[in-house]
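*Asks:* dropping the sequence and predicted coords here.
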Amino acid sequence: MKKSKVIILFLSAFLILGLLFLPACSQKESKPQKPKESSGQKPEAPPETEKLLKDLDKIIQELDKMIKAQKMPSFQQTAGKSSSASSGQKQKEGSSQAGSQKEESASSSKQGGSKQQESASSSKNAWPSINQGVKSIHQNWNQLEPEAVRAGLPVSSREHWEKTLSSLTMAASKQNTEESLMAAISLYQPFADIAQVFAITLPPDFFRVKYEVMAAMQESMRQDWEKAALHIPKMQENWESLKVQAKDADPRLISCCEFALRDLEDAIKNQEMELVLIKGEISLDNLKKLEEKLKKAMTKGKS
């Protein structure tokens, strides 16, 4: 009897000890691993980022040239006529002057026609280069996309990029100049989001400001002043943010950028297309100079 009691007590103690140790073991096994501490630094941008941006800028430049050649020939012809008139005044009076003026007028007309033909020819020759550039963007995006996703690019930004790139591809395949340019310019929006997740030489707001300037200029070329004006608030907002980030750049250049953007806004509000183009070009030129300054500052910071 005593022996059986001892066995029962032994088994009871064994069960109690087992129950005590079981939760501890379970907790040890199910304890989640600590996440790796983040250094807080963004990953370096893959080389495809720069390649993609170069292709995009080249496409925009080509399309912009084509549209200005198509939409501004009267502006160029006016300049040609004023030059022809001033040269005619310097010639001798009389029938020889009249004959000379007729010849100059015919010559000017021929030159205008040949310029239009050259413009049409150069436009046709530009499309293979533009389509090749679009293909190159697709290829570089294929290499860049996985890295961007790993770096934290939101799904919405990725979808925005792919949808806009598809619009550019379709418009370029149809050789639709205006739609192609608008789609190419619009790619600057999601590219700013891509720049946000990588350690890149330029702040994302730089691309946002540049987008608003180019888009406003293009809408002005279309004579859609309502849409052009919609870009003004975002232009101001993004510039204020960029100005803070670029505080170490040349103060004079910052002021030039700010005044040019204000002039562009006034030209849009006054619906003066020629002035919009002039002030827009000045704004883009200033942004290019600011880009060079920021890149130099970043290079010095790394060295």
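*Replies:* Good, I have the coordinates.
*Asks:* not counting sequence-adjacent ones, nearest residue to W161?
*Replies:* In this structure, W161 finds its nearest non-sequential neighbour in P190, 3.8 Å apart by CB to CB, 6 or more residues apart in numbering. From N, CA and C alone the C-beta is placed, and that goes for glycine too.
*Asks:* from K279, how far out is that neighbour?
*Replies:* Per CB to CB, to the nearest Å, P190 is found 26 Å from K279.
*Asks:* now the helix or strand containing the residue nearest to W161 - C-alpha only, CSV.
*Replies:* Assigned by DSSP states H and E, P190 falls within helix 188-197. Provided in CSV are the C-alpha atoms of helix 188-197 (Å, rounded to 0.1, in the frame of the first residue of the first chain):
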residue,chain,number,x,y,z
TYR,A,188,7.4,63.0,-63.7
GLN,A,189,4.7,62.7,-61.0
PRO,A,190,5.2,59.0,-60.2
PHE,A,191,9.0,59.4,-60.8
ALA,A,192,9.0,61.8,-57.8
ASP,A,193,7.5,58.9,-55.8
ILE,A,194,10.3,56.6,-57.0
ALA,A,195,12.9,59.2,-56.0
GLN,A,196,11.2,59.3,-52.6
VAL,A,197,12.2,55.8,-51.7
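*Asks:* contacts for it, please.
*Replies:* Identification of contacts with helix 188-197 by CB atoms under 8 Å, 6 or more residues apart in numbering yields 42-43, 45, 49, 52-53, 56, 144, 148, 151-154, 157-158, 160-161, 164, 202-205, 207-208, 210-211, 214.
*Asks:* just those: which are in helices?
*Replies:* 49, 52-53, 56, 144, 148, 151, 157-158, 160-161, 164, 204-205, 207-208, 210-211, 214 (DSSP state H).
*Asks:* state the pLDDT value of F75.
*Replies:* Note on F75: pLDDT of 46.
*Asks:* buried ones in the helix or strand harbouring I59?
*Replies:* Using DSSP H and E, I59 sits in helix 47-71. For helix 47-71, a neighbour-count test (16 or more other CB atoms under 10 Å) marks 48-49, 51-53, 55-56, 58-60, 62-64, 66-67, 69, 71 as buried.
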